[in-house]
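**Q** Sharing a model prediction with you, sequence too.
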Amino acid sequence: MRGLQWFNALSGDAAPVSGLPNSLKVADGVLGDQPVRFIAVVTDPQNRFPRARNGEVGLLEGWGLAKAVDEAINTGDKRPLIAIVDVPSQAYGRREEALGIHQALAAAADS
């Protein structure tokens, strides 16, 4: 997927952020002389939600994006967020809907 390629190209030797789903790549680095956070949704063939295995934004991705953005904002250091957006769709599925994908994606948008 192109999102991962762009993430790798832009983030370079940035420090990966742990504690997020495998379908999210997040890293803290420097662009020019400014600290930044890089964020991308990537494919995860092992995602426990089948509808989100090909890079779609699903339940885990929504909550993970919200966490990554909130953490960046709550550090007290103002810095740009570099979001690499190359996703095919939202992960539509009955399990995702039943477990609250709408809330997860709203949390991500609210961040």
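**A** It's in.
**Q** switch to C-alpha atoms for all contacts and neighbour counts from now on
**A** Will do.
**Q** Show me where this structure dips below the pLDDT cut-off.
**A** Applying pLDDT under 70 to the chain flags the ranges 1, 89-102, 104-105.
**Q** make it 80
**A** 1, 76-77, 88-111 (pLDDT under 80).
**Q** Do you have the strands of it handy? List them.
**A** With strands called from DSSP state E, the chain shows them at 15-16, 24-31, 34-41, 81-84.
**Q** Excluding its own residues, what touches the first one? List them.
**A** Residues from elsewhere that reach strand 15-16 (CA atoms under 8 Å, 6 or more residues apart in numbering): K25, V26, A27, D28, G29.
**Q** Quickly run through the sheet partners of it, with directions.
**A** According to DSSP bridges, strand 15-16 has the following sheet partners: strand 24-31 (antiparallel).
**Q** From the rest of the structure, what touches the partner strand?
**A** With CA under 8 Å, 6+ apart, strand 24-31 has contacts from 4, 7, 11, 13-18, 35-42, 61, 64-65, 68.
**Q** Show me which of those residues are buried.
**A** 4, 7, 11, 14, 36-42, 61, 64-65, 68 (16 or more other CA atoms under 10 Å).
**Q** Which one of the residues you listed is nearest to D77?
**A** Taking CA to CA as the measure, V36 is the one of the buried ones among the contacts of strand 24-31 closest to D77, at 9.9 Å.
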